[in-house]
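1. no sequence for this one, just the structure:
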């Protein structure tokens, strides 16, 4: 599972990593949570004949995919992740797997080691060699009853590799730069043609750093949440709220 992640690179660094011409300015984000806007990249319009440059476009989407057929979003679960093993057969993800595959740039993600059925030690999991990583993403545009449209998305997950399995049994699917073009090519490649990309990253790709429980609270958004530490008593217990209840989360960019 991937329930929190971070994107702390500059817009220029992110654009260069994704093979794009440029991105609008955005701040470093250390604690990205469900229902907040996340940056995704997808294939753009077909290039002119003879062009070798990748044509990709960026999009801000609400993290939490809503299929087009949903009638009442209040009664539908928040789909922040999609299990890659059966995504192409699932009604919620079938269309996006065929037509709207995307990349989710990240500096790393957070995971919690389970302890007695409860959230235990949190970890900041980042590429061992530093830099950015791209998670496999899916995009779906949901038409609300009032007529407005909302772009939504999810991150594909896979069984955890040997380096992460002691923390959690799932991890995000990593798409490496040499495979960006294949993954994003929804015009000529079917899901079966890119199924080989839905694999766990190599065991030594990530490093897991134990951090304090500051990351547990969405309101904590500074770099201190990535500092090495251990779980301690929460100073203030975060109030529970329904997914999407905080409209201000959609104005972070």
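-> Arrived safely. Model, not experiment: these values are computed from the prediction. Numbers count the residues shown, from 1 in each chain.
2. please enumerate the helices of the stretch 101-250 of the chain.
-> Ranges of helices in the stretch 101-250 of the chain, per DSSP state H, counting those that start in this stretch, are 180-184.
3. point out where it drops to low pLDDT.
-> Counting by pLDDT under 70, the stretch 101-250 of the chain has low-confidence residues at 117, 231-250.
4. if you set the cut-off to 90 instead, what comes out?
-> 114-120, 144-148, 229-250 (pLDDT under 90).
5. now the strands for the stretch 1-150 of the chain?
-> For the stretch 1-150 of the chain, the strands defined by DSSP state E, counting those that start in this stretch cover 4-7, 29-32, 37-43, 56-63, 81-83, 101-106, 108-115, 118-127, 133-143, 149-159.
6. ok, which of those comes nearest residue 182?
-> Among the strands of the stretch 1-150 of the chain, strand 101-106 comes nearest to residue 182, with 9.6 Å by Cβ to Cβ. All C-beta atoms are positioned from the backbone trio N, CA, C, and that covers glycine.
7. not counting the closest one itself, show me its contacts.
-> For strand 101-106, the external contacting residues (Cβ atoms under 8 Å, 6 or more residues apart in numbering) are 5-7, 9, 14, 17-18, 38-42, 59, 132-139, 153, 155, 172, 175, 180, 183-184, 186, 194.
8. got it, and stretch 7-21?
-> Residues from elsewhere that reach stretch 7-21 (Cβ under 8 Å, 6+ apart): 22-26, 28-30, 32, 38-39, 41, 54, 56-58, 103, 105-107, 131-132, 134, 177, 180, 223.
9. can we see that at 10 Å?
-> The contact list for stretch 7-21, computed with Cβ atoms under 10 Å, 6 or more residues apart in numbering, reads 22-30, 32, 38-41, 44, 53-58, 103-108, 126, 131-134, 177, 180-181, 184, 223, 226.
10. just the buried residues from those, in ChimeraX please.
-> Command for ChimeraX, covering only those of the contacts of stretch 7-21 found buried under the criterion 16 or more other Cβ atoms under 10 Å:
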select :23,26,29,30,32,38,39,40,41,54,56,58,103,104,105,106,107,108,126,132,133,134,180,184,226
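11. on that earlier part again, next, format the strands of the stretch 1-150 of the chain as TSV and append distance to residue 199.
-> Formatted as TSV, the strands of the stretch 1-150 of the chain follow (distance: least, Cβ to Cβ, whole Å):
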stretch	distance to residue 199
strand 4-7	19
strand 29-32	24
strand 37-43	20
strand 56-63	23
strand 81-83	14
strand 101-106	15
strand 108-115	17
strand 118-127	16
strand 133-143	10
strand 149-159	6
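12. any idea how far residue 27 lies from residue 172?
-> 22 Å (Cβ to Cβ, to the nearest Å).
13. cool, and residue 98?
-> Separation of residue 98 from residue 172 (Cβ to Cβ): 21 Å.
14. wouldn't residue 100 be in contact with residue 43 here?
-> Yes. Counting by Cβ atoms under 10 Å, residue 100 does reach residue 43; the two are 9.4 Å apart.
15. between those two, what contacts are shared?
-> In contact with both residue 100 and residue 43: 184, 186, using Cβ under 10 Å, 6+ apart.
16. partner residues bridging the residue most central in space within the chain?
-> The residue lying closest to the centre of the chain (Cα atoms, centre = their mean) is residue 155, at 4.5 Å. Applying DSSP bridges to residue 155 yields these beta-bridge partners: residue 81, residue 137.
17. what's around residue 65, how many residues?
-> 27 (other Cβ atoms under 10 Å).
18. and it, what's its pLDDT?
-> At residue 65, the pLDDT value in this model is 98.
19. for it, which residues are in contact?
-> Going by Cβ under 10 Å, 6+ apart, the list of residues near residue 65 reads 76, 78-82, 92-93, 96, 100, 137-140, 142, 151-155.
20. what about 7 Å?
-> When contacts are counted by Cβ atoms under 7 Å, 6 or more residues apart in numbering, residue 65 touches 79, 92, 138, 140, 152, 153, 154.
21. ok, residue 88 next?
-> With Cβ under 7 Å, 6+ apart, residue 88 has these contacts: 94, 97, 191.
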